[in-house]
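Asks: What would the 3D arrangement of this be:
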Amino acid sequence: QVQLVESGGGLVQAGGSLRLSCAASGRTFSRYTMGWFRQAPGKEREFVAAISYSGSTYYRDSVKGRFTISRDNAKNTVDLQMNSLKPDDTAVYYCTTHRIPFNTDLSDEEKYAYWGQGTQVTVSS
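Replies: This next block holds a predicted model:
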């Protein structure tokens, strides 16, 4: 059974940094795209960043240059380093992984089958 557990959320002032981490288990982690989505109060869940099995990355425009996604296949972890945080980044952040291995459609939410419980990120102005 696939399990994803996020950590690292919290409260930070605008301009600050946070690092989210996701620990995965239950499958051969290295074969699958991993991603981060977020959901702010009253808004739909949205794509943030993803990294493919081969290490290719993709980001939503609003976080490019500020967020960096990385993975460690030996440790079965995927991290999201978030710098220059803005109040608009406030949301619950979810770690997720693809249903099918070796798929590189990084931003399509329908390709993601397993989700963590989420971690709250709050950025104060």
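Asks: quick one: low-confidence ranges for this structure?
Replies: Across the chain, nothing is flagged by pLDDT under 70.
Asks: Tell me the spatial nearest neighbour of the residue sitting nearest the centre point of it, not counting adjacent residues.
Replies: The centroid of the chain falls nearest to Trp36 when counting by CA atoms, centre = their mean (2.0 Å). Excluding its sequence neighbours, the residue lying closest to Trp36 (CB to CB, 6 or more residues apart in numbering) is Val48, at 4.4 Å. The way it works is simple: take the backbone N, C-alpha and C, and place the C-beta from them, glycine included.
Asks: With Met34 instead?
Replies: Met34 sits nearest to Val78 (CB to CB, 6+ apart), 4.2 Å away.
Asks: And the host helix or strand of that neighbour, what does it pack against?
Replies: Counting by DSSP states H and E, the element that carries Val78 is strand 77-82. Judged by 3 or more CB pairs under 8 Å, 6 or more residues apart in numbering; DSSP states H and E, the packing partners of strand 77-82 are strand 18-25, strand 34-39, strand 46-51, strand 67-72.
Asks: Among those strands, show me which one is buried the most.
Replies: Among these, strand 34-39 has the highest mean neighbour count (mean count of other CB atoms under 10 Å), at a mean of 24.
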